[in-house]
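S.K.: here's my sequence, what's the structure:
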Amino acid sequence: MMESWSRLPGAGNAAKLVAANSKSPPPIDTLPSELLVHIVSETVNGNSGDIRTRKTPQDEQHCLAKEELFGARFLGLPSLARHHYAHTQYLVAYRRLLRIVGYGKEESGLRSCSHPLTLCLSADSENSDFAVRLLRWFSAYSQRWREVQLQVASNSSCFLSGAKGKLDQLETLGIYYSSVDDVNPPFDAFAIAPRLHSFDFHGVSKCRPCIPWRQLKLLRWTDEDFSCSSIPLLPLGELCDGCHTNLYLVAQDHTPTLLNTPIESRIASLSLWFSMFNLDIASVNPILDVFFDSFTLPQLQELILLTVNAPSSFFFPIMWRPSSTQSFAALARRSGFRRSLLRLQICVPIAEDALFEVLGLLPLLETITIGDVHPYAVGIGQQVTDSLLARFTQSMHITPQLRRLSLLTLLHFEDDSLVQLLYARASRKFKFELEVFCIAHPLRDIYEEPLQTKAERIEPKVLLRIGVAPPDMNDQLGP
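M.R.: Got it, this is the predicted structure:
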(Lines give C-alpha, C1' and ligand atoms only; values in the text may rest on other atoms or scores of the structure.)
Protein backbone atom coordinates (compact mmCIF):
# COMPACT_ATOMS: atom_id res chain seq x y z
CA MET A 1 0.00 0.00 0.00
CA MET A 2 2.82 2.41 0.84
CA GLU A 3 4.36 1.81 -2.58
CA SER A 4 1.07 2.55 -4.35
CA TRP A 5 0.67 5.77 -2.37
CA SER A 6 4.26 6.84 -3.06
CA ARG A 7 3.74 6.47 -6.80
CA LEU A 8 0.87 8.96 -6.75
CA PRO A 9 2.08 12.32 -8.11
CA GLY A 10 -0.79 14.16 -6.39
CA ALA A 11 -4.09 13.93 -4.62
CA GLY A 12 -6.09 14.15 -7.85
CA ASN A 13 -5.22 10.64 -8.92
CA ALA A 14 -6.78 9.09 -5.82
CA ALA A 15 -10.31 9.19 -7.22
CA LYS A 16 -9.13 7.55 -10.46
CA LEU A 17 -7.46 4.76 -8.54
CA VAL A 18 -10.63 4.11 -6.54
CA ALA A 19 -12.75 4.11 -9.71
CA ALA A 20 -10.37 1.70 -11.43
CA ASN A 21 -10.72 -0.82 -8.61
CA SER A 22 -14.45 -0.39 -8.03
CA LYS A 23 -15.49 -3.39 -10.12
CA SER A 24 -14.51 -5.88 -7.42
CA PRO A 25 -15.16 -5.22 -3.72
CA PRO A 26 -11.92 -4.47 -1.87
CA PRO A 27 -10.94 -6.66 1.08
CA ILE A 28 -11.42 -3.73 3.45
CA ASP A 29 -15.13 -3.75 2.63
CA THR A 30 -15.48 -7.10 4.38
CA LEU A 31 -14.27 -5.81 7.75
CA PRO A 32 -16.69 -4.98 10.59
CA SER A 33 -17.53 -1.30 10.80
CA GLU A 34 -16.26 -1.07 14.39
CA LEU A 35 -12.80 -2.26 13.30
CA LEU A 36 -12.76 0.17 10.37
CA VAL A 37 -13.55 3.03 12.72
CA HIS A 38 -10.43 2.20 14.74
CA ILE A 39 -8.38 1.93 11.56
CA VAL A 40 -9.53 5.39 10.49
CA SER A 41 -8.68 6.89 13.88
CA GLU A 42 -5.21 5.38 13.94
CA THR A 43 -4.46 6.23 10.32
CA VAL A 44 -5.73 9.78 10.21
CA ASN A 45 -4.47 10.63 13.68
CA GLY A 46 -0.99 9.07 13.32
CA ASN A 47 2.31 10.93 13.20
CA SER A 48 2.53 10.50 9.44
CA GLY A 49 -0.57 12.65 9.16
CA ASP A 50 0.61 15.42 11.46
CA ILE A 51 1.52 18.51 9.49
CA ARG A 52 4.34 19.24 11.95
CA THR A 53 6.24 16.14 10.74
CA ARG A 54 6.15 17.08 7.05
CA LYS A 55 9.68 18.10 6.22
CA THR A 56 9.48 18.68 2.47
CA PRO A 57 6.88 19.56 -0.18
CA GLN A 58 7.14 15.93 -1.37
CA ASP A 59 6.14 14.71 2.10
CA GLU A 60 3.19 17.10 2.09
CA GLN A 61 2.05 15.89 -1.34
CA HIS A 62 2.46 12.27 -0.31
CA CYS A 63 0.35 12.75 2.85
CA LEU A 64 -2.40 14.60 0.98
CA ALA A 65 -2.57 11.83 -1.60
CA LYS A 66 -2.77 9.18 1.12
CA GLU A 67 -5.50 11.07 2.96
CA GLU A 68 -7.64 11.60 -0.12
CA LEU A 69 -7.27 7.99 -1.17
CA PHE A 70 -8.23 6.72 2.28
CA GLY A 71 -11.01 9.27 2.64
CA ALA A 72 -12.52 8.40 -0.75
CA ARG A 73 -12.36 4.68 -0.01
CA PHE A 74 -13.61 5.17 3.57
CA LEU A 75 -16.69 7.18 2.67
CA GLY A 76 -17.44 5.08 -0.39
CA LEU A 77 -17.84 1.85 1.55
CA PRO A 78 -21.47 0.96 2.22
CA SER A 79 -20.38 -1.18 5.18
CA LEU A 80 -18.79 1.82 6.88
CA ALA A 81 -20.65 4.83 5.57
CA ARG A 82 -23.73 3.56 7.40
CA HIS A 83 -21.99 3.90 10.77
CA HIS A 84 -20.20 6.92 12.18
CA TYR A 85 -18.86 7.23 15.71
CA ALA A 86 -17.51 10.68 16.53
CA HIS A 87 -16.05 12.09 19.75
CA THR A 88 -14.52 15.53 20.05
CA GLN A 89 -11.75 13.94 22.08
CA TYR A 90 -10.23 13.01 18.72
CA LEU A 91 -9.94 16.60 17.52
CA VAL A 92 -7.00 16.13 15.15
CA ALA A 93 -8.52 13.07 13.48
CA TYR A 94 -11.87 14.71 12.81
CA ARG A 95 -10.45 18.04 11.73
CA ARG A 96 -8.51 16.11 9.12
CA LEU A 97 -11.54 13.98 8.23
CA LEU A 98 -13.70 17.06 7.66
CA ARG A 99 -11.10 18.41 5.24
CA ILE A 100 -10.78 15.06 3.46
CA VAL A 101 -14.49 14.81 2.69
CA GLY A 102 -14.80 18.46 1.68
CA TYR A 103 -16.60 20.11 4.59
CA GLY A 104 -18.69 23.03 3.39
CA LYS A 105 -19.01 21.86 -0.22
CA GLU A 106 -22.39 21.06 -1.73
CA GLU A 107 -21.25 17.68 -3.02
CA SER A 108 -19.32 15.51 -0.58
CA GLY A 109 -18.87 11.85 0.21
CA LEU A 110 -21.60 11.54 2.82
CA ARG A 111 -24.23 13.59 1.05
CA SER A 112 -23.81 11.65 -2.17
CA CYS A 113 -24.63 8.34 -0.47
CA SER A 114 -28.27 7.31 -0.23
CA HIS A 115 -28.19 4.47 2.30
CA PRO A 116 -29.35 5.11 5.90
CA LEU A 117 -26.87 6.31 8.48
CA THR A 118 -26.27 5.25 12.08
CA LEU A 119 -24.64 8.11 13.99
CA CYS A 120 -23.16 8.12 17.51
CA LEU A 121 -21.83 11.59 18.26
CA SER A 122 -20.30 12.65 21.57
CA ALA A 123 -19.60 16.39 21.63
CA ASP A 124 -17.87 18.14 24.50
CA SER A 125 -19.98 19.93 27.09
CA GLU A 126 -18.52 23.39 26.46
CA ASN A 127 -19.77 23.80 22.86
CA SER A 128 -16.23 24.39 21.63
CA ASP A 129 -15.68 25.71 18.13
CA PHE A 130 -14.88 22.27 16.86
CA ALA A 131 -17.86 20.64 18.59
CA VAL A 132 -20.15 23.22 16.96
CA ARG A 133 -18.53 22.59 13.59
CA LEU A 134 -18.95 18.85 13.96
CA LEU A 135 -22.64 19.16 14.90
CA ARG A 136 -23.32 21.43 11.93
CA TRP A 137 -21.39 19.21 9.55
CA PHE A 138 -23.30 16.04 10.47
CA SER A 139 -26.58 17.99 10.41
CA ALA A 140 -26.04 18.55 6.70
CA TYR A 141 -26.64 14.81 6.18
CA SER A 142 -29.68 14.47 8.43
CA GLN A 143 -31.83 13.21 5.55
CA ARG A 144 -29.88 9.92 5.88
CA TRP A 145 -30.12 9.54 9.65
CA ARG A 146 -31.92 6.41 10.78
CA GLU A 147 -30.43 5.76 14.23
CA VAL A 148 -28.87 8.66 16.15
CA GLN A 149 -27.29 8.84 19.62
CA LEU A 150 -26.14 12.30 20.68
CA GLN A 151 -24.25 13.32 23.79
CA VAL A 152 -24.45 17.12 23.78
CA ALA A 153 -24.97 20.13 26.01
CA SER A 154 -28.60 21.01 26.76
CA ASN A 155 -28.25 24.36 24.93
CA SER A 156 -26.77 22.97 21.70
CA SER A 157 -29.95 22.53 19.67
CA CYS A 158 -29.22 25.64 17.61
CA PHE A 159 -26.13 23.93 16.19
CA LEU A 160 -28.34 21.15 14.83
CA SER A 161 -30.67 23.54 13.02
CA GLY A 162 -29.54 22.12 9.69
CA ALA A 163 -31.33 18.89 10.55
CA LYS A 164 -34.66 20.48 11.43
CA GLY A 165 -37.42 19.31 9.10
CA LYS A 166 -35.03 16.94 7.28
CA LEU A 167 -35.42 13.76 9.33
CA ASP A 168 -37.62 11.64 7.08
CA GLN A 169 -35.69 8.40 7.80
CA LEU A 170 -35.07 8.87 11.54
CA GLU A 171 -36.53 5.98 13.56
CA THR A 172 -34.47 5.78 16.78
CA LEU A 173 -33.09 8.74 18.74
CA GLY A 174 -31.10 9.09 21.95
CA ILE A 175 -30.22 12.43 23.56
CA TYR A 176 -27.85 12.50 26.54
CA TYR A 177 -27.09 15.84 28.14
CA SER A 178 -23.38 16.13 28.90
CA SER A 179 -24.09 19.40 30.73
CA VAL A 180 -27.11 21.51 31.64
CA ASP A 181 -26.99 25.28 31.24
CA ASP A 182 -29.08 27.78 33.19
CA VAL A 183 -30.34 29.29 29.94
CA ASN A 184 -31.63 26.71 27.48
CA PRO A 185 -33.29 27.65 24.20
CA PRO A 186 -35.90 25.10 23.03
CA PHE A 187 -34.23 21.85 21.94
CA ASP A 188 -36.42 21.59 18.85
CA ALA A 189 -34.14 20.13 16.17
CA PHE A 190 -36.13 16.85 16.34
CA ALA A 191 -39.62 18.30 16.64
CA ILE A 192 -40.54 16.93 13.21
CA ALA A 193 -39.50 13.35 12.48
CA PRO A 194 -42.37 11.42 10.87
CA ARG A 195 -40.89 7.92 11.34
CA LEU A 196 -39.47 8.33 14.85
CA HIS A 197 -40.81 5.58 17.14
CA SER A 198 -38.14 5.12 19.85
CA PHE A 199 -36.65 7.84 22.06
CA ASP A 200 -34.08 7.57 24.87
CA PHE A 201 -33.54 10.68 27.02
CA HIS A 202 -30.92 11.14 29.74
CA GLY A 203 -30.96 14.59 31.29
CA VAL A 204 -33.18 16.76 33.47
CA SER A 205 -36.92 16.97 32.98
CA LYS A 206 -36.97 20.79 33.14
CA CYS A 207 -34.88 20.88 29.93
CA ARG A 208 -36.77 18.25 27.98
CA PRO A 209 -36.43 18.41 24.18
CA CYS A 210 -39.26 18.91 21.68
CA ILE A 211 -40.17 15.46 20.31
CA PRO A 212 -43.21 14.19 18.37
CA TRP A 213 -44.40 12.32 21.46
CA ARG A 214 -47.66 11.07 19.95
CA GLN A 215 -45.93 8.75 17.50
CA LEU A 216 -43.52 7.08 19.95
CA LYS A 217 -43.89 3.36 20.63
CA LEU A 218 -41.04 3.23 23.17
CA LEU A 219 -39.82 5.91 25.60
CA ARG A 220 -36.87 5.62 28.00
CA TRP A 221 -36.48 8.58 30.37
CA THR A 222 -33.65 9.07 32.87
CA ASP A 223 -33.51 12.00 35.31
CA GLU A 224 -31.00 11.87 38.16
CA ASP A 225 -32.09 15.27 39.50
CA PHE A 226 -35.77 14.52 39.89
CA SER A 227 -38.26 15.95 42.37
CA CYS A 228 -41.99 15.80 42.93
CA SER A 229 -42.34 19.15 41.15
CA SER A 230 -40.89 17.54 38.00
CA ILE A 231 -43.77 15.07 37.61
CA PRO A 232 -45.89 17.42 35.40
CA LEU A 233 -42.88 17.76 33.07
CA LEU A 234 -42.88 14.05 32.23
CA PRO A 235 -44.43 13.52 28.76
CA LEU A 236 -46.65 10.57 29.76
CA GLY A 237 -49.85 12.45 28.97
CA GLU A 238 -48.61 13.19 25.44
CA LEU A 239 -47.77 9.62 24.43
CA CYS A 240 -49.89 7.54 22.08
CA ASP A 241 -52.13 4.62 23.01
CA GLY A 242 -50.11 1.48 23.68
CA CYS A 243 -46.72 3.13 24.19
CA HIS A 244 -44.16 1.30 26.35
CA THR A 245 -42.48 3.58 28.89
CA ASN A 246 -39.41 3.14 31.12
CA LEU A 247 -38.68 5.81 33.73
CA TYR A 248 -35.44 5.92 35.75
CA LEU A 249 -35.76 8.63 38.39
CA VAL A 250 -33.45 9.61 41.24
CA ALA A 251 -35.28 11.87 43.70
CA GLN A 252 -33.30 14.71 45.26
CA ASP A 253 -35.85 16.13 47.72
CA HIS A 254 -38.99 15.15 49.61
CA THR A 255 -41.24 18.14 49.03
CA PRO A 256 -44.68 16.86 47.92
CA THR A 257 -46.43 18.52 44.98
CA LEU A 258 -50.03 17.61 44.24
CA LEU A 259 -51.76 18.18 40.90
CA ASN A 260 -55.30 19.52 40.86
CA THR A 261 -56.27 16.95 38.23
CA PRO A 262 -54.39 13.68 37.57
CA ILE A 263 -52.76 13.45 34.14
CA GLU A 264 -54.35 10.83 31.89
CA SER A 265 -51.88 8.64 30.03
CA ARG A 266 -52.95 5.80 27.72
CA ILE A 267 -49.66 3.90 27.74
CA ALA A 268 -49.74 0.09 27.76
CA SER A 269 -46.78 -0.61 30.05
CA LEU A 270 -44.87 1.37 32.66
CA SER A 271 -41.53 0.43 34.20
CA LEU A 272 -40.79 2.82 37.06
CA TRP A 273 -37.35 2.74 38.71
CA PHE A 274 -37.18 5.07 41.71
CA SER A 275 -34.35 5.69 44.13
CA MET A 276 -33.26 8.35 46.58
CA PHE A 277 -30.05 10.37 46.55
CA ASN A 278 -30.14 10.92 50.31
CA LEU A 279 -30.44 8.10 52.85
CA ASP A 280 -31.92 10.44 55.47
CA ILE A 281 -35.06 11.04 53.40
CA ALA A 282 -35.32 7.61 51.73
CA SER A 283 -37.69 6.22 54.36
CA VAL A 284 -39.94 9.29 54.56
CA ASN A 285 -40.03 10.43 50.94
CA PRO A 286 -43.60 10.40 49.57
CA ILE A 287 -42.59 10.51 45.90
CA LEU A 288 -44.12 7.09 45.15
CA ASP A 289 -47.41 8.27 46.65
CA VAL A 290 -47.24 11.53 44.69
CA PHE A 291 -46.59 9.63 41.47
CA PHE A 292 -49.62 7.39 42.05
CA ASP A 293 -51.76 10.46 42.83
CA SER A 294 -50.61 12.30 39.69
CA PHE A 295 -51.76 9.94 36.93
CA THR A 296 -54.68 8.00 35.53
CA LEU A 297 -53.66 4.99 33.40
CA PRO A 298 -56.79 3.51 31.81
CA GLN A 299 -55.01 1.25 29.29
CA LEU A 300 -52.16 -0.01 31.46
CA GLN A 301 -51.57 -3.76 31.13
CA GLU A 302 -48.13 -4.04 32.75
CA LEU A 303 -46.70 -2.22 35.79
CA ILE A 304 -43.11 -2.69 37.00
CA LEU A 305 -41.95 -1.01 40.21
CA LEU A 306 -38.21 -1.18 40.92
CA THR A 307 -35.65 0.36 43.21
CA VAL A 308 -31.99 -0.12 44.13
CA ASN A 309 -31.33 -3.82 44.67
CA ALA A 310 -27.60 -3.85 45.38
CA PRO A 311 -25.05 -1.93 47.47
CA SER A 312 -24.53 1.62 46.27
CA SER A 313 -22.74 4.68 47.58
CA PHE A 314 -25.03 7.03 45.69
CA PHE A 315 -28.53 5.56 45.43
CA PHE A 316 -30.81 4.34 48.21
CA PRO A 317 -34.04 2.35 47.87
CA ILE A 318 -37.42 3.95 48.19
CA MET A 319 -39.94 2.42 50.60
CA TRP A 320 -43.56 1.42 50.13
CA ARG A 321 -45.12 3.42 52.95
CA PRO A 322 -48.55 2.68 54.50
CA SER A 323 -49.90 5.71 52.62
CA SER A 324 -48.59 4.23 49.34
CA THR A 325 -51.25 1.52 49.54
CA GLN A 326 -54.00 4.12 49.75
CA SER A 327 -52.56 6.10 46.83
CA PHE A 328 -52.22 2.97 44.71
CA ALA A 329 -55.79 1.93 45.52
CA ALA A 330 -57.03 5.32 44.33
CA LEU A 331 -54.96 5.00 41.13
CA ALA A 332 -56.34 1.49 40.54
CA ARG A 333 -59.94 2.70 40.92
CA ARG A 334 -59.46 5.74 38.64
CA SER A 335 -57.69 3.71 35.98
CA GLY A 336 -59.84 0.57 36.08
CA PHE A 337 -56.91 -1.77 36.86
CA ARG A 338 -59.48 -4.40 37.88
CA ARG A 339 -60.30 -4.75 34.18
CA SER A 340 -56.95 -4.03 32.51
CA LEU A 341 -53.80 -4.85 34.52
CA LEU A 342 -52.42 -8.28 33.63
CA ARG A 343 -48.75 -8.17 34.72
CA LEU A 344 -47.28 -6.76 37.93
CA GLN A 345 -43.69 -6.70 39.16
CA ILE A 346 -42.90 -5.29 42.61
CA CYS A 347 -39.26 -5.17 43.63
CA VAL A 348 -39.51 -2.44 46.24
CA PRO A 349 -39.66 -3.02 50.02
CA ILE A 350 -43.33 -3.62 50.80
CA ALA A 351 -45.01 -5.21 53.80
CA GLU A 352 -46.68 -8.57 53.15
CA ASP A 353 -50.13 -7.33 54.21
CA ALA A 354 -49.79 -4.29 51.94
CA LEU A 355 -48.76 -6.52 49.02
CA PHE A 356 -51.84 -8.72 49.31
CA GLU A 357 -54.05 -5.67 49.74
CA VAL A 358 -52.68 -4.46 46.38
CA LEU A 359 -53.17 -7.88 44.78
CA GLY A 360 -56.77 -7.91 45.96
CA LEU A 361 -57.42 -4.92 43.70
CA LEU A 362 -56.14 -6.77 40.60
CA PRO A 363 -58.19 -9.94 39.98
CA LEU A 364 -57.08 -10.35 36.33
CA LEU A 365 -53.36 -10.61 37.08
CA GLU A 366 -51.76 -13.41 35.07
CA THR A 367 -48.09 -12.73 35.91
CA ILE A 368 -46.63 -11.57 39.23
CA THR A 369 -42.94 -10.94 39.97
CA ILE A 370 -41.73 -10.25 43.50
CA GLY A 371 -38.14 -9.54 44.49
CA ASP A 372 -36.05 -9.56 47.62
CA VAL A 373 -33.87 -6.59 48.44
CA HIS A 374 -30.12 -7.01 48.76
CA PRO A 375 -29.04 -7.80 52.34
CA TYR A 376 -26.76 -4.75 52.38
CA ALA A 377 -29.77 -2.46 52.02
CA VAL A 378 -30.01 -0.98 55.50
CA GLY A 379 -33.08 -1.69 57.63
CA ILE A 380 -35.04 -3.65 55.04
CA GLY A 381 -36.46 -7.10 55.71
CA GLN A 382 -36.75 -9.77 53.05
CA GLN A 383 -39.99 -10.31 51.16
CA VAL A 384 -39.83 -13.80 49.63
CA THR A 385 -40.26 -15.94 52.75
CA ASP A 386 -42.18 -19.02 53.89
CA SER A 387 -44.96 -16.72 55.06
CA LEU A 388 -45.30 -15.09 51.64
CA LEU A 389 -45.37 -18.44 49.83
CA ALA A 390 -47.99 -19.71 52.28
CA ARG A 391 -50.17 -16.67 51.51
CA PHE A 392 -49.99 -17.45 47.80
CA THR A 393 -50.81 -21.08 48.56
CA GLN A 394 -53.90 -20.15 50.56
CA SER A 395 -55.14 -17.15 48.56
CA MET A 396 -56.44 -18.66 45.34
CA HIS A 397 -59.47 -16.36 45.49
CA ILE A 398 -57.29 -13.21 45.45
CA THR A 399 -55.39 -14.04 42.24
CA PRO A 400 -57.56 -16.65 40.48
CA GLN A 401 -56.03 -16.02 37.03
CA LEU A 402 -52.39 -16.28 38.12
CA ARG A 403 -50.48 -18.31 35.52
CA ARG A 404 -46.89 -17.40 36.41
CA LEU A 405 -45.23 -16.42 39.67
CA SER A 406 -41.61 -15.27 39.44
CA LEU A 407 -39.46 -14.89 42.55
CA LEU A 408 -36.16 -12.96 42.64
CA THR A 409 -34.93 -14.30 45.91
CA LEU A 410 -32.19 -14.75 48.48
CA LEU A 411 -33.81 -18.07 49.47
CA HIS A 412 -35.21 -17.10 52.87
CA PHE A 413 -37.66 -20.05 52.72
CA GLU A 414 -37.76 -23.84 52.80
CA ASP A 415 -37.93 -25.87 49.61
CA ASP A 416 -41.12 -27.57 50.79
CA SER A 417 -42.92 -24.21 50.63
CA LEU A 418 -42.38 -24.22 46.86
CA VAL A 419 -43.81 -27.73 46.53
CA GLN A 420 -46.92 -26.86 48.53
CA LEU A 421 -47.45 -23.78 46.37
CA LEU A 422 -47.20 -25.85 43.18
CA TYR A 423 -49.77 -28.37 44.47
CA ALA A 424 -52.20 -25.58 45.39
CA ARG A 425 -51.84 -23.73 42.10
CA ALA A 426 -52.03 -26.70 39.71
CA SER A 427 -54.92 -26.04 37.34
CA ARG A 428 -56.69 -27.78 34.47
CA LYS A 429 -57.40 -24.41 32.81
CA PHE A 430 -53.73 -23.55 32.24
CA LYS A 431 -50.25 -24.81 33.13
CA PHE A 432 -49.08 -22.90 36.20
CA GLU A 433 -45.43 -21.76 36.11
CA LEU A 434 -43.22 -21.02 39.11
CA GLU A 435 -39.87 -19.33 38.43
CA VAL A 436 -37.21 -19.06 41.14
CA PHE A 437 -34.27 -16.78 40.29
CA CYS A 438 -31.47 -16.57 42.87
CA ILE A 439 -29.99 -13.08 43.15
CA ALA A 440 -26.48 -12.32 44.40
CA HIS A 441 -25.22 -14.07 47.57
CA PRO A 442 -28.28 -16.19 48.48
CA LEU A 443 -28.72 -17.39 52.04
CA ARG A 444 -28.27 -21.07 51.11
CA ASP A 445 -28.05 -23.50 48.21
CA ILE A 446 -31.14 -24.73 46.45
CA TYR A 447 -31.28 -28.33 45.29
CA GLU A 448 -32.95 -28.29 41.90
CA GLU A 449 -33.09 -32.02 41.10
CA PRO A 450 -35.23 -33.17 44.10
CA LEU A 451 -37.55 -30.22 43.60
CA GLN A 452 -37.97 -30.94 39.89
CA THR A 453 -38.70 -34.60 40.67
CA LYS A 454 -41.47 -33.60 43.06
CA ALA A 455 -42.86 -31.04 40.61
CA GLU A 456 -43.09 -33.63 37.84
CA ARG A 457 -45.40 -35.79 39.99
CA ILE A 458 -47.98 -33.04 40.41
CA GLU A 459 -51.26 -33.33 38.49
CA PRO A 460 -52.43 -31.30 36.64
CA LYS A 461 -48.99 -30.57 35.23
CA VAL A 462 -47.03 -27.56 36.47
CA LEU A 463 -43.70 -26.05 35.45
CA LEU A 464 -40.89 -25.25 37.89
CA ARG A 465 -37.95 -23.24 36.61
CA ILE A 466 -34.89 -22.59 38.84
CA GLY A 467 -31.86 -20.54 37.90
CA VAL A 468 -29.63 -17.56 38.56
CA ALA A 469 -31.13 -14.16 37.92
CA PRO A 470 -29.72 -12.56 34.75
CA PRO A 471 -27.88 -9.23 35.21
CA ASP A 472 -30.86 -7.08 34.28
CA MET A 473 -32.80 -8.73 37.13
CA ASN A 474 -29.95 -9.17 39.58
CA ASP A 475 -28.56 -5.63 39.55
CA GLN A 476 -31.49 -3.27 39.25
CA LEU A 477 -29.34 -0.20 39.65
CA GLY A 478 -31.16 1.76 37.00
CA PRO A 479 -29.31 3.63 34.28
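
S.K.: from here on, contacts and neighbour counts on C-alpha atoms
M.R.: Will do.

S.K.: avg pLDDT for stretch 143-163?
M.R.: For stretch 143-163, mean pLDDT rounds to 88.

S.K.: contacts only, for the closest residue to Q169 other than its chain neighbours.
M.R.: Excluding the flanking residues, the one nearest Q169 by Cα to Cα, 6 or more residues apart in numbering is R146, at 5.2 Å. With contacts taken as Cα atoms under 8 Å, 6 or more residues apart in numbering, R146 has the following neighbours: 116-118, 169-172.

S.K.: what lines up beside whichever helix or strand R146 is part of in the sheet?
M.R.: In the assignment (DSSP states H and E), R146 maps to strand 145-153. Using DSSP bridges, strand 145-153 pairs in its sheet with strand 117-122 (parallel), strand 172-179 (parallel).

S.K.: hey, what's Y177 bridged with?
M.R.: Beta-bridge partners for Y177, by DSSP bridges, are V152.

S.K.: coming back round to it: please pick the buried ones from the contacts of R146.
M.R.: If you count burial by 16 or more other Cα atoms under 10 Å, the buried members of the contacts of R146 come out as 116-118, 169-172.

S.K.: ok, the residues you listed vs P349, which is closest?
M.R.: Ranked by distance to P349 (Cα to Cα), the buried ones among the contacts of R146 are led by T172 at 34.8 Å.

S.K.: I'd say the closest one and V148 touch.
M.R.: Yes. With contacts counted by Cα atoms under 8 Å, T172 reaches V148, the gap being 6.3 Å.

S.K.: against L135, how distant is the residue nearest to Q169?
M.R.: Using Cα to Cα, to the nearest Å, R146 is found at 16 Å from L135.

S.K.: one more: W221?
M.R.: W221 is 23 Å from L135, by Cα to Cα.

S.K.: which residues touch the residue nearest to L342 when sequence neighbours are not counted?
M.R.: Leaving aside its sequence neighbours, L342 sits nearest to L365 (Cα to Cα, 6+ apart; 4.3 Å). Counting by Cα under 8 Å, 6+ apart, L365 touches 341-344, 399, 401-402.

S.K.: okay, now the unreliable bits of the chain?
M.R.: In the predicted model of the chain, residues 1-115, 124-127, 182-184, 253-258, 278-285, 309-314, 374-381, 441, 443, 470-479 satisfy pLDDT under 70.

S.K.: what residues go with each domain of it?
M.R.: 1-81, 116-216 (automatic domain parsing).

S.K.: ends of the longest one, how far apart?
M.R.: When you say that, I think you mean domain 116-216. End-to-end for domain 116-216, by Cα to Cα: 20 Å.

S.K.: give me the neighbour count for H197.
M.R.: 19 (other Cα atoms under 10 Å).

S.K.: so S161 sits right up against S139, yeah?
M.R.: Yes. Counting by Cα under 8 Å, S161 does reach S139; the two are 7.4 Å apart.

S.K.: neighbour count winner among these two?
M.R.: Neighbours per residue, other Cα under 10 Å: of S161 and S139, the larger number sits with S139, 21 against 18.

S.K.: from D129, how far out is that one?
M.R.: 15 Å.

S.K.: show me where the stretch 101-250 of the chain has helices.
M.R.: Secondary structure of the stretch 101-250 of the chain, counting by DSSP state H, counting those that start in this stretch: helices at 109-112, 129-139.

S.K.: what's the closest of the ones you listed to A424?
M.R.: Judging the helices of the stretch 101-250 of the chain by Cα to Cα, what sits closest to A424 is helix 129-139, at 61.5 Å.
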